[in-house]
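[1] okay, here's the prediction I keep looking at, along with the sequence it came from:
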Amino acid sequence: QVQLVESGGGLVQAGGSLRLSCAASGRTSSTYAMAWFRQAPGKEREFVATINRSGTMRSYADSVKGRFTISSDNTKNTVYLEMNSVKPEDTAVYLCTASPVWRGSSWSQYDYWGQGTQVTVSS
């Protein structure tokens, strides 16, 4: 089993920055791919970004491309999401997920999920 714990969420003004962290523990060999999704009230879960363990593969949603950066620190089994130039529409619960294989942007294919961290962007 893999446990994922997100942190770093909070309230930020539009145009500001925030960094989310997701620490993995347990069977970390099953975290070849890690990703961030987000879900706002009344909306479907939305892909944000994904990265493989070596950092050689990354993918972003068009809505965050150029503003968000996903990175990983394998020594700490942690993946980060650097959020810059945030907008009110970025407000959501941000969820970390992991899989032993590359899954891309389809949330239903991921194996492990964290509880999420709330990000609220004020205008």
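    Structure received.
[2] mind checking pLDDT for the most centrally placed residue in the chain?
    Nearest to the mean C-alpha position of the chain, counting by CA atoms, centre = their mean, stands residue 36 at 2.2 Å. pLDDT recorded at residue 36 is 98.
[3] what bridges to it?
    Beta-bridge pairing for residue 36 (DSSP bridges): residue 49, residue 96.
[4] what segments of this structure are strands?
    In order along the chain, the chain carries the following strands (DSSP state E): 2-7, 10-13, 18-26, 33-39, 46-52, 58-60, 68-73, 78-83, 92-99, 112-113, 117-122.
[5] not counting sequence-adjacent ones, nearest residue to residue 52?
    residue 33 (5.4 Å; CB to CB, 6 or more residues apart in numbering). Every C-beta, even on glycine, is put in place using the N, C-alpha and C of the backbone.
[6] pLDDT value on that neighbour, please?
    95.
[7] is it true that it touches residue 105?
    No - using CB atoms under 8 Å as the test, residue 33 is too far from residue 105 to be in contact (11.1 Å).
[8] which residues do these two both contact?
    residue 50 (CB atoms under 8 Å, 6 or more residues apart in numbering).
[9] those two - which one has more neighbours?
    Taking neighbours as other CB atoms under 10 Å, residue 33 and residue 105 compare with residue 33 leading, 23 against 15.
[10] which residues does the more buried one contact?
    Contacts for residue 33 were tallied using CB under 8 Å, 6+ apart; they are 50-53, 98-103.
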